[in-house]
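Undergrad: model the following, please.
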Amino acid sequence: MFMPQIFRDFAFDESMSNYFENVFAPKNTYKVTESDSFYALTMELPGFSKEQIKVTIKNNVLSVSAKKEDAEITKSFLLNATIDTEKINAAAFNGILTVNLPKTMDATLPEGRMITVQ
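TA: Residues are numbered from 1 along each chain as shown. Sure, this is the predicted structure:
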């Protein structure tokens, strides 16, 4: 899967200790696209409502978690400093989460915040 260098997925550990988790955990797919002014992360979260999805950013790590009675999904992405973290927004519709990550020239890193899923 093509992924811009701005993201580095933390889910790279393929050790035996994670084998069953990787095989039997609910699967979700994601795609990152880039335009001149922003990146867009689109993630499939079938069966989850927007109230069950949390998007946070802290220490330049974007985390997506979705939790309901019978399933839980967590995915984290390391961002570089070209993202304007104060302008990140997220929306979920029919099990598809879209997170827009505006680009910036300012390389300051904020402490962290919760992003409201619309």
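
Undergrad: residue 57 versus the spatially closest residue to residue 101 that is not a sequence neighbour, what's the distance?
TA: Counting by CB to CB, 6 or more residues apart in numbering, residue 39 is the residue found nearest to residue 101 once chain neighbours are left out, at 4.4 Å. Where you see a C-beta, it was placed from the backbone N, CA and C, and this is true even at glycine. Distance, residue 39 to residue 57, using CB to CB, to the nearest Å: 13 Å.

Undergrad: the more surrounded of these two?
TA: Neighbours were tallied for residue 39 and for residue 57 using other CB atoms under 10 Å; the higher tally belongs to residue 57 (23 against 20).

Undergrad: name the helix or strand for that one, please.
TA: Residue 57 belongs to strand 53-58 when elements are defined using DSSP states H and E.

Undergrad: now for that strand, which elements pack on it?
TA: Strand 53-58 sits against strand 61-68, strand 89-93, strand 96-102, strand 112-115, with contacts defined as 3 or more CB pairs under 8 Å, 6 or more residues apart in numbering; DSSP states H and E.

Undergrad: rerun that using 6 Å as the cut-off
TA: Counting contacts by 3 or more CB pairs under 6 Å, 6 or more residues apart in numbering; DSSP states H and E, the secondary-structure elements packed against strand 53-58 are strand 61-68, strand 112-115.

Undergrad: for that strand, the averaged confidence score.
TA: Within the predicted structure, the mean pLDDT of strand 53-58 is 93.

Undergrad: outside of it itself, list whatever touches it.
TA: When contacts are taken as CB atoms under 6 Å, 6 or more residues apart in numbering, the neighbours of strand 53-58 outside the stretch itself are 63, 64, 65, 66, 85, 90, 92, 97, 112, 114, 115, 117.

Undergrad: for this protein, which residues score under the pLDDT cut-off?
TA: For the chain, residues meeting the criterion pLDDT under 70 lie at 1-28, 106-113.
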